[in-house]
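Student: Curious how this folds, go ahead:
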Amino acid sequence: MRNRTIPLVWMLLVAGSVHSTFAQEPNGDSEDSPTSPPSVGAAPASDLHNVQKQIFRDYERFEKSLFDVAEQMRRKDPEQADILYRARSKSQEENLLADMELIAELLRSSEEDGEKKSAQYGPAVDRQSEVLARMESILKLLDSLDARQRNAELIKKIEEIRKAAIRTIAGQKDTRAETLRGRDSKQLQDAQKKVQDQADDLAKKIDDLNKQQSEEKESNDSEASEQKEGEQTEKGSEKMDENETSEKSGETKKPEESEQQSTEDGSEQKPGEGQPKESKQGEQQPSDSQQQSQQQSQESQESPEGQQQQSQQQQQKKDEQTPGREQLDEARKQMEKAIEDLLKDQKDDAVEHQDDSIAHLEKLKAELEEILRQLREEEKETYLTLLEARFQNMLRRQLQINSETKRLDEIPKESRPQQSYASKTNEARKEQEDNAIDAEKALNLLREEGSSVAFPEAVEQMNKNMQVVVSRLANEDTGKTTQLVEVLIVETLEEMIDAFQKEMKKQEEQQQNGQPQQQGQPQDPALVDQIAELKMIRSLQLQVNRITQQLGTEVVDPSAVDVDQQTLIDDIAQRQKRIQEATYDLSVGRNK
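Tutor: Below is the predicted model:
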């Protein structure tokens, strides 16, 4: 899936560069001026217009490819296909193509009836900012499934490292306590050496993780580079085709083009120009890339700028390491010093070094816990994105089912063509079955996340409502009770989507405002807050009440209840019991 997102990444980069080119007006002029000229050194309006048109065409192809790839993956990987379908729907809902075309028009300069029309940079900047934000949201959706898997794996590994750090701290504290008690120096040396071995194993775990992350980053950079080269080659081929077409149509070349071509052909090339130097026999000349690398290396050693660049690269490599690695190295040094003190039977000095070691290990543990907190926040965001996308698809399909059920019910019974009516209700039933399958997948995702009580229960009861609709449509029952249950399904979906969107917005605002997070033991952040959980339980109770009232209007004689009615009555009783259990679980914090 990762390579599927690369085209959109490049479009974001190109669109962002176009945006930044004309986002700054000279002399601090406001962007509100519709015809303000671009900043000094900016590309001409015609160039910006052409670039924007190319972005429009690229995105048009990208949007189409989302559907094509989703169709190919629908059977093999339905979860990935759902994300692609949702991304395409979201792109169309956002009207991105129309906005890109409008931006291109805003950047177009023209002359009509003797009047010159200038590019409107201010409105173009505003539109471009909005488009970029919406493109980024689609990219986040496309990457959500892979991001969840990557985060889950990384959390698991960091948690293992954290537990190893806790064991090392405990071992060091025990050895320190034994040193204070004045135990035999030889035994203390062995105990301290054992703790040092634990620290060495911990260092190896961190180094292995850093190596894996570095390899993954190089692989991603390589994929992105190959994708960019492929796109450039494709565009170059298109240009060549255009040139060939122009030549065939009898167009003459410009002098500069002829001169360039003759140079490339080598027919007018001066002796020695552009020719590789002949090497001596048996002597291999270094390649261009090797020469360039050697030259860059030499320049970096000689010039202050090169030394600064090398220092920045080293710092970047250091920043990419798992935080806390330096603290661990310091702790290991203090352990070595403690062993040396114990060899000299200097136990007081050994205790001081053991204290320093414990302090560095505690800092390591704190930094690992901060990483876990950040990863779990990212994991929560990914779950919210995935769930919101799935529920949006389910809502769209459910509204169509509800509309069709209502339309069929409005057909008078005496004028219903039996075969056609049965066929239509059967189609609606199949659609409802598909939605029930999606509800089951969403339920599995909520259970996997594990922090919510009310929402899994709401999805489970919504799934039961869907099964009720399936059963009634199979019996060609499109009446009031069927329609009510369908309405309850829509209400549940809308409430969950609203809750997820509010939670994503709140999380985004926290990140922008840089709100301080709680320190200490890293806990899995709740998918939604307690208020959203309570609201969902209230909604479930109201749904039970409404279905009960509707059944009361249908069941006139309790002794003459049909099978479907009795099944629904039993189901409602079970739901009431489960709502009670969910309320209790929430009150005692069983989900935490």
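
Student: tell me which helix or strand of this protein sits lowest on mean pLDDT?
Tutor: helix 255-265 (a mean of 46; mean pLDDT, DSSP states H and E).

Student: my guess is residue 372 contacts residue 161, does it?
Tutor: No: using CB atoms under 8 Å, residue 372 is not in contact with residue 161, being 9.8 Å away. All C-beta spots, glycine's among them, are computed from the backbone N, C-alpha and C.

Student: Run through the residues that contact residue 52.
Tutor: 18, 100, 103, 104, 107 (CB atoms under 8 Å, 6 or more residues apart in numbering).

Student: Also residue 374?
Tutor: Residue 374 touches nothing, counting by CB under 8 Å, 6+ apart.

Student: Residue 158 versus that one, what's the distance?
Tutor: When distance is defined by CB to CB, to the nearest Å, residue 374 is 10 Å away from residue 158.

Student: for residue 406, same thing?
Tutor: 52 Å.

Student: Give me the buried positions along stretch 323-332.
Tutor: For stretch 323-332, the neighbour count (16 or more other CB atoms under 10 Å) marks 324, 325, 327, 328, 330, 331, 332 as buried.

Student: Against which helices or strands is the strand or helix carrying the fifth one packed?
Tutor: Read it as residue 330. Here residue 330 sits within helix 325-343, counting by DSSP states H and E. If you count contacts as 3 or more CB pairs under 8 Å, 6 or more residues apart in numbering; DSSP states H and E, helix 325-343 packs onto helix 185-248, helix 347-409.

Student: which residues sit against it?
Tutor: Contacts for helix 325-343 (CB under 8 Å, 6+ apart): 172, 179, 185, 188-189, 192-193, 195-196, 199-200, 202-203, 206, 210, 347, 349-350, 353-354, 356-358, 360-361, 363-364, 367.

Student: Those, buried ones only, as a PyMOL selection?
Tutor: Command for PyMOL, covering only those of the contacts of helix 325-343 found buried under the criterion 16+ other CB under 10 Å:
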select buried, resi 172+179+185+188+189+192+193+195+196+199+202+203+206+347+350+353+354+356+357+358+360+361+363+364+367
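
Student: returning to that earlier point: closest one to residue 446 out of the buried residues of stretch 323-332, please.
Tutor: For the buried residues of stretch 323-332, the minimum distance to residue 446 (CB to CB) is 33.0 Å, reached by residue 324.

Student: Residue 331 versus the closest one, what's the distance?
Tutor: Taking CB to CB as the measure, residue 324 falls 10 Å from residue 331.

Student: cool, residue 370 as well?
Tutor: For residue 370 relative to residue 331 (CB to CB), the value is 18 Å.

Student: Residue ranges in this structure under the pLDDT threshold?
Tutor: For the chain, the stretches flagged by pLDDT under 70 are 1-46, 110-115, 145, 220-221, 223-322, 514-524, 591-592.

Student: Let me see the domain layout of it.
Tutor: 2-148, 411-587 (automatic domain parsing).

Student: Quote the end-to-end distance of the last one.
Tutor: The straight-line separation of the ends of domain 411-587 (CA to CA, to the nearest Å) is 48 Å.

Student: what's the distance between it and the middle of its chain?
Tutor: 27 Å (CA atoms, centre = their mean, to the nearest Å).

Student: Could you export the domains of the chain as TSV, including distance to residue 214?
Tutor: Putting the domains of the chain into TSV (distance: least, CB to CB, whole Å) gives the following:
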stretch	distance to residue 214
domain 2-148	17
domain 411-587	24
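
Student: Compare these and give me the one nearest residue 382.
Tutor: Closest approach to residue 382 among the domains of the chain is made by domain 2-148 (4.4 Å; CB to CB).

Student: Distance of residue 177 relative to residue 334?
Tutor: From residue 177 over to residue 334 (counting by CB to CB), the distance is 16 Å.

Student: out of these two, which sits in the more crowded spot?
Tutor: The neighbour comparison of residue 177 against residue 334 (other CB atoms under 10 Å) goes to residue 334, with 24 against 12.

Student: ok, and the closest non-adjacent residue to that one?
Tutor: In this structure, residue 334 finds its nearest non-sequential neighbour in residue 357, 3.9 Å apart by CB to CB, 6 or more residues apart in numbering.

Student: Wait, that neighbour touches residue 172, no?
Tutor: Yes: the criterion here is CB under 8 Å, and residue 357 meets it with residue 172 at 5.6 Å.

Student: what's around residue 81, how many residues?
Tutor: 17.

Student: residues in contact with residue 457?
Tutor: With CB under 8 Å, 6+ apart, residue 457 has these contacts: 536, 537, 540, 578, 579, 582.

Student: what's the closest of those to residue 450?
Tutor: Distance to residue 450 across the contacts of residue 457 (CB to CB) is lowest for residue 582, with 14.4 Å.

Student: tell me which residues of the helix or strand harbouring that closest one are tucked away?
Tutor: For residue 582, the host element (DSSP H and E) is helix 563-587. Neighbour counts over helix 563-587 (16+ other CB under 10 Å) mark 568, 571, 572, 575, 578, 579, 582, 583, 586 as buried.

Student: returning to that earlier point: dump the helices and strands packed on helix 325-343 to a markdown table, plus distance to residue 433.
Tutor: Putting the helices and strands packed on helix 325-343 into a markdown table (distance: least, CB to CB, whole Å) gives the following:
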| stretch | distance to residue 433 |
| --- | --- |
| helix 185-248 | 39 |
| helix 347-409 | 10 |
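
Student: how about the ones you listed, which one is nearest residue 93?
Tutor: helix 347-409 (9.2 Å).

Student: now the angle from that closest one to helix 325-343?
Tutor: 150 degrees (axes from the mean of the first three to the mean of the last three CA atoms, to 10 degrees).

Student: Following element in sequence after helix 347-409, please.
Tutor: Per DSSP H and E, the first helix or strand lying C-terminal to helix 347-409 is helix 418-449.

Student: For the helix or strand following that next one, buried residues please.
Tutor: Using DSSP H and E, the helix or strand that follows helix 418-449 in sequence is helix 454-474. Using 16+ other CB under 10 Å as the test for burial, helix 454-474 gives 454-473.

Student: So which bits of the helix or strand just after helix 454-474 are buried?
Tutor: The C-terminal neighbour of helix 454-474 among helices and strands, as given by DSSP H and E, is helix 480-513. For helix 480-513, a neighbour-count test (16+ other CB under 10 Å) marks 481-490, 492-493, 495-497, 499-500, 503-504, 507 as buried.

Student: Ok, stretch 171-191 next?
Tutor: Neighbour counts over stretch 171-191 (16+ other CB under 10 Å) mark 171, 172, 173, 175, 176, 178, 179, 185, 188, 189, 191 as buried.

Student: Using CSV, write out the CA atom coordinates for that stretch.
Tutor: Taking Å, rounded to 0.1, in the frame of the first residue of the first chain, the C-alpha atoms of stretch 171-191 are listed here in CSV:
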residue,chain,number,x,y,z
GLY,A,171,18.9,-5.5,39.0
GLN,A,172,21.0,-2.4,39.5
LYS,A,173,18.9,-1.4,42.6
ASP,A,174,19.3,-4.9,44.1
THR,A,175,23.1,-4.8,43.5
ARG,A,176,23.3,-1.4,45.1
ALA,A,177,21.3,-2.6,48.1
GLU,A,178,23.7,-5.6,48.5
THR,A,179,26.7,-3.2,48.2
LEU,A,180,25.3,-1.0,51.0
ARG,A,181,24.9,-4.1,53.2
GLY,A,182,28.6,-4.8,52.8
ARG,A,183,28.4,-8.2,51.0
ASP,A,184,31.5,-10.0,49.8
SER,A,185,33.2,-8.0,47.1
LYS,A,186,33.6,-11.0,44.7
GLN,A,187,29.9,-11.7,44.9
LEU,A,188,29.1,-8.0,44.3
GLN,A,189,31.4,-8.0,41.3
ASP,A,190,29.5,-11.0,39.8
ALA,A,191,26.2,-9.3,40.5
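
Student: Neighbour count for residue 406 and residue 158, which is higher?
Tutor: Set side by side, residue 406 and residue 158 show more neighbours around residue 158, with 20 against 14, by other CB under 10 Å.
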